[in-house]
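Need a 3D model of the sequence below.
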Amino acid sequence: MANLVFVQFHPKPGSEQAVEAILRGMVVATRQEPGNELYDLYRATATSGGTVFALTERYRDQTALEAHRATAHYQAYRANIIEHLSAPIDVKILESLDVRR
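Down below sits the predicted model:
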């Protein structure tokens with residue numbers, strides 16, 4: 001079973017709309033990748049009161065994940081989002097232990 005990728009983004013105050021736009025721009029392109037099984041975007045309010053965006057991603061296998069990271073849309077998103085964040089992108093690869101599919 002493929003592992004889940006969980007990613008969190010903490011926008012700088014005033015950059016929430018820019019971060020959301022960049023992330024929304026990834027959704028359609030990533031969902032069209034042959035090895036992508038899940039790519040969902042969420043928004044939450046952090047305990048500090050700021051906005052947090054989160055992505056849950058799942059790929060068929062490690063090769064599909066690596067192919068995703070090599071796409072032009074992934075490279076553009078990484079180049080454009082960093083300046084809008086107050087903290088580094090928090091990426092976690094979650095190992096499946098007991099998952100309902």
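
center of the protein, which residue is that?
With distances taken as CA atoms, centre = their mean, L55 lies nearest the centre of the chain, 3.9 Å away.

and that one, bridged to which residues?
Beta-bridge pairing for L55 (DSSP bridges): V7, L41.

Provide a list of residues in contact with it.
5-7, 9, 23, 26, 39-42 (CB atoms under 8 Å, 6 or more residues apart in numbering). Yep, even glycine has a C-beta here, placed from its N, CA and C like the rest.

Flag the shaky bits of the chain, pLDDT-wise.
The model of the chain has pLDDT under 70 over residues 1-2.

any chance you could map the helices in it?
For the chain, the helices defined by DSSP state H cover 16-31, 62-69, 72-81.

Using CSV, lay out these together with distance to V99 and mean neighbour count.
Formatted as CSV, the helices of the chain follow (distance: least, CB to CB, whole Å; neighbours: other CB atoms under 10 Å):
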stretch, distance to V99, mean neighbour count
helix 16-31, 20, 16
helix 62-69, 17, 15
helix 72-81, 25, 14
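
a markdown table please, covering those helices and showing distance to G49.
Converted to a markdown table, the helices of the chain look like this (distance: least, CB to CB, whole Å):
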| stretch | distance to G49 |
| --- | --- |
| helix 16-31 | 12 |
| helix 62-69 | 32 |
| helix 72-81 | 21 |
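
Please identify which of those is closest to G50.
Of all those, it is helix 16-31 that lies closest to G50, at 8.3 Å by CB to CB.

elements contacting that closest one?
Packing partners of helix 16-31 (3 or more CB pairs under 8 Å, 6 or more residues apart in numbering; DSSP states H and E): strand 36-45, strand 51-59, helix 72-81.

Alright, that wraps it up for me.
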